[in-house]
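S.K.: Have a look at this prediction, sequence included:
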Amino acid sequence: MNLLILLTIVSFFRTLLIILIIWYGIKLVTRYIFPLLMRKTMHNMQSRMEQQFREQQRGQRSEGEVTIEKNRRNSPTKPNEGEYVDFEEVE
């Protein structure tokens, strides 16, 4: 009987230790690693926005110049469904 109680207590403390390790691991990730990833993502996003802005500034057209840009997305065309007309029956 003593052995069973001892094994139960050891198993409880082992489970408690695993829970604490997971808890502090999550705290470590959210406190240190997650902000680093966010900072890197924000830096990449800012770099792309600056590059797009520079391209826009470089590619400005003079007054009166016309350009035609095609839509690059190939959206499927809907079949001609016709026009819906609401009507009332007159007697």
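M.R.: Thanks, I have it.

S.K.: which helices and strands does the helix-or-strand element of the chain with minimal mean pLDDT pack with?
M.R.: Across the helices and strands of the chain, mean confidence by mean pLDDT, DSSP states H and E is lowest for helix 34-58: a mean of 91. Helix 34-58 makes packing contacts with no helix or strand when contacts are defined by 3 or more C-beta pairs under 8 Å, 6 or more residues apart in numbering; DSSP states H and E. (C-beta placed from N, C-alpha, C; glycine too.)

S.K.: From residue 13, how far off is residue 24?
M.R.: Distance of residue 24 to residue 13, given as C-beta to C-beta, to the nearest Å: 16 Å.

S.K.: repeat for residue 51
M.R.: 56 Å.

S.K.: could you give the angle of the longest helix seen in the chain to helix 34-58?
M.R.: Using DSSP state H to define each element, the chain has its longest helix at helix 2-28. Angle, helix 2-28 to helix 34-58, by axes from the mean of the first three to the mean of the last three C-alpha atoms, to 10 degrees: 20 degrees.

S.K.: Now do the same for helix 2-28: mean pLDDT, whole number.
M.R.: Mean pLDDT, computed over helix 2-28, is 93.

S.K.: centre of the chain versus that helix, how much separation?
M.R.: In this view, helix 2-28 has its centroid 36 Å away from the chain centroid, taken as C-alpha atoms, centre = their mean, to the nearest Å.

S.K.: Go through it and flag the buried ones.
M.R.: Of all the residues in helix 2-28, not one is buried under the rule 16 or more other C-beta atoms under 10 Å.

S.K.: so what does it touch, helix or strand wise?
M.R.: Using 3+ C-beta pairs under 8 Å, 6+ apart as the contact definition, helix 2-28 packs against no other helix or strand.
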